[in-house]
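J.: need coordinates for the below:
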Amino acid sequence: MVDIEAHLTELKDRLKQTTPNKHTMRAICQLKAQIAKLEHERMDRIFAGIGKSSGASGFDIKKTGDSSVALVGFPSCGKSMSMNQLTNANSKVAAYAFTTLDAIPGLMEYKDARIMVIDLPGIIKDASQGKGFGKRVLSVAKTSNLILILLDIWSLPHLQYRTILEELYNTGVRLDRYPPLISLTLLKSGGIALNSTITLTHLDAVMARDIAHEFKVGNAQIIAHQDITVEDLIDFLSGKCVYTPSLVVCNKMDISTPEQEKFLKEVESEGREVLRISAKTGLNIELLREAIFRKLDLIRIYLKPKGSKADLVEPLVVPRDSTIREVASKIHRDFIDHFRYAFVQHSTKKEEDKLPVVIRRKWKVGLEYVLQDFDVLQINI
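T.: Below you'll find the model as predicted:
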């Protein structure tokens, strides 16, 4: 680990000292690829130590519910109190740092969805290098469906925000981004060929070849379906990045100053969604619940057994754009093997409606049909 740290420091110093221009871009690409490869190797070593032998049993969270949310923030920023407001949990609250020493799950029930909210211990700078509870906290956050970045608006929120973003990025978490549209076909010979469906402005064939060689890819066809960057190709070839939505939640906002509001406006200008809450008074907690549900992008599917009425009370909650194949496999694995066809009926449901209003017309569809919110599904096997 010491050798990796020393090598990383050396490479980062060389990258800082290299002035970007058309003559140095190839060297910069090679340096970035080498740094990314070493950082992923370091993270693999760090996370390989997570387990019972490392005393991390309090972080072995079995996922329950329809989706999961991780609360990430500095010590004493109000994570435990926020989770207690959101869920049925009773996470310990106190006026000193590192009150929470384990990952504590709670269940938030909202709009028929059961969402697991995980209160994590506070992280500190260099958490991605294993300091404090960093490696355990980040390993849980990396597997969640949504990350809530919780800031204490009265305790250097600029520093908290930038540090959390940096630690998550170093762990391979790409917030509020989609995976780059890249396809890779390995070949037996011919070297590296870079093709694209649009004009590339950040990457050329020589740079792509040098990056691919750093990841031991010698012969392949790379096709970019968007204007990818060097970092996009590095992330794609490493195969260790996750793309997770996030919300920035500022606590203790029952009283705020113009300077604090200016900071929050700057965060919003970066494309982040910011919510202003007070975990102590309950300010905007209901708005936070709605934002969590919206960011998770879940839909509700009502199941109708053959020859019976549809269950319009308890829907099955799945991610948006789920297909009948994915829903059927979630119900029972035999449904895929014995599937014949399915009937789908659309329905609508307003906030004041207790039950959805089902449209009579049925559509006969197959396994690849993409379901919509409030659809009624009958699977025939």
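J.: which strands and helices sit next to the strand or helix carrying D3?
T.: According to DSSP states H and E, D3 maps onto helix 2-17. Contacts defined by 3 or more Cβ pairs under 8 Å, 6 or more residues apart in numbering; DSSP states H and E place helix 2-17 against helix 25-48. Every C-beta, even on glycine, is put in place using the N, C-alpha and C of the backbone.
J.: neighbouring contacts of the next helix or strand after the helix it packs on?
T.: Sequence order places strand 67-73 as the next helix or strand after helix 25-48, per DSSP H and E. Residues from elsewhere that reach strand 67-73 (Cβ atoms under 8 Å, 6 or more residues apart in numbering): 79, 82-83, 108, 113, 115-120, 122-123, 137, 140-141, 143-152, 160, 164, 168, 292, 296, 298, 317, 319.
J.: strands - which of these land there?
T.: 108, 113, 115-119, 146-152, 298, 317, 319 (DSSP state E).
J.: output the below-cut-off pLDDT ranges for the stretch 51-200 of the chain.
T.: 51-62, 88-101, 130, 132-134 (pLDDT under 70).
J.: helices along that one, start to end?
T.: For the stretch 51-200 of the chain, helices defined by DSSP state H, counting those that start in this stretch occupy the ranges 79-86, 134-142, 157-170.
J.: which one of the ones you listed lies closest to K280?
T.: When the helices of the stretch 51-200 of the chain are compared by Cβ to Cβ, helix 79-86 sits nearest K280, at 6.5 Å.
J.: show me what counts as buried in the closest one.
T.: Neighbour-count burial for helix 79-86 flags K79, S80, M81, S82, M83, N84, Q85, L86 (criterion: 16 or more other Cβ atoms under 10 Å).
J.: turn those into CSV, columns for distance to T24.
T.: Output for the buried residues of helix 79-86, formatted as CSV (distance: Cβ to Cβ, whole Å):
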residue, distance to T24
K79, 43
S80, 48
M81, 50
S82, 46
M83, 48
N84, 53
Q85, 51
L86, 49
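J.: for the record, mean pLDDT for the helix or strand where Y243 lies?
T.: Counting by DSSP H and E, the element that carries Y243 is strand 242-244. Averaged across strand 242-244, the pLDDT comes to 96.
J.: buried residues, that strand. List them.
T.: In strand 242-244, counting by 16+ other Cβ under 10 Å, buried: T244.
J.: next SSE after it?
T.: On the C-terminal side of strand 242-244, the closest following helix or strand by DSSP H and E is strand 246-251.
J.: each with direction, which strands does that following strand pair with?
T.: Using DSSP bridges, strand 246-251 pairs in its sheet with strand 146-152 (parallel), strand 274-276 (parallel).
J.: how about these, which one is nearest D373?
T.: The closest of those to D373 is strand 146-152. By Cβ to Cβ, the value is 18.1 Å.
J.: from the chain's centroid, how far away is the closest one?
T.: Chain-centre distance of strand 146-152: 12 Å, with Cα atoms, centre = their mean, to the nearest Å.
J.: alpha carbons of it, in PDB - could you do that?
T.: Extracted C-alpha coordinates of strand 146-152, given in PDB (Å, rounded to 0.1, in the frame of the first residue of the first chain):
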ATOM      1  CA  LEU A 146     -29.500   7.300  -4.000                       C
ATOM      2  CA  ILE A 147     -27.000   9.300  -2.000                       C
ATOM      3  CA  LEU A 148     -28.100  12.100   0.300                       C
ATOM      4  CA  ILE A 149     -25.200  14.600   0.900                       C
ATOM      5  CA  LEU A 150     -26.100  16.100   4.200                       C
ATOM      6  CA  LEU A 151     -24.500  19.400   5.100                       C
ATOM      7  CA  ASP A 152     -24.400  21.400   8.300                       C
END
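J.: for the remainder of this discussion, apply numbering that starts at 27.
T.: Taking 27 as the first residue, the last one we looked at is strand 172-178.
J.: and the angle for that strand with helix 160-168?
T.: In terms of direction (axes from the mean of the first three to the mean of the last three Cα atoms, to 10 degrees), strand 172-178 departs from helix 160-168 by 130 degrees.
J.: what's the angle between strand 172-178 and strand 93-99?
T.: Angle of strand 172-178 versus strand 93-99, following the same axes, to 10 degrees, is 30 degrees.
J.: and the contacts of strand 172-178?
T.: With Cβ under 8 Å, 6+ apart as the test, strand 172-178 has contacts from 93-100, 102-105, 108, 167, 183, 186-187, 190-191, 194, 199, 201, 270-278, 318, 321-322.
J.: kindly recompute the last result at 6 Å.
T.: Here strand 172-178 makes contact (Cβ atoms under 6 Å, 6 or more residues apart in numbering) with 95-99, 103, 105, 167, 183, 186-187, 190, 270-277, 321-322.
J.: residues near L229, how many?
T.: By the criterion of other Cβ atoms under 10 Å, L229 has 22 neighbours.
J.: same question, D152
T.: When neighbours are defined as other Cβ under 10 Å, D152 has 14 of them.
J.: likewise the one 10 residues further on?
T.: As a burial measure, R162 scores 26 neighbours (other Cβ under 10 Å).
J.: ok, it to A153 distance?
T.: Distance of R162 to A153, given as Cβ to Cβ, to the nearest Å: 9 Å.
J.: report pLDDT for A32.
T.: 80.
J.: point me to the residue sitting farthest from the middle of the chain.
T.: What lies farthest from the middle of the chain is G333; by Cα atoms, centre = their mean that is 40.3 Å.
J.: please parse this structure into its domains.
T.: With domains defined by automatic domain parsing, the chain comprises 28-74+204-264, 78-200+271-322, 324-406.
J.: hang on, isn't K266 packed against N196?
T.: No - K266 lies out of contact with N196 (Cβ atoms under 6 Å); the separation is 11.5 Å.
J.: follow-up on the earlier one: closest to F262 out of the strands paired with strand 272-277?
T.: Closest approach to F262 among those (Cβ to Cβ): strand 172-178, 21.3 Å.
J.: quick one, the closest one and strand 139-145 angle?
T.: Using the same axes, to 10 degrees: strand 172-178 against strand 139-145 is 50 degrees.
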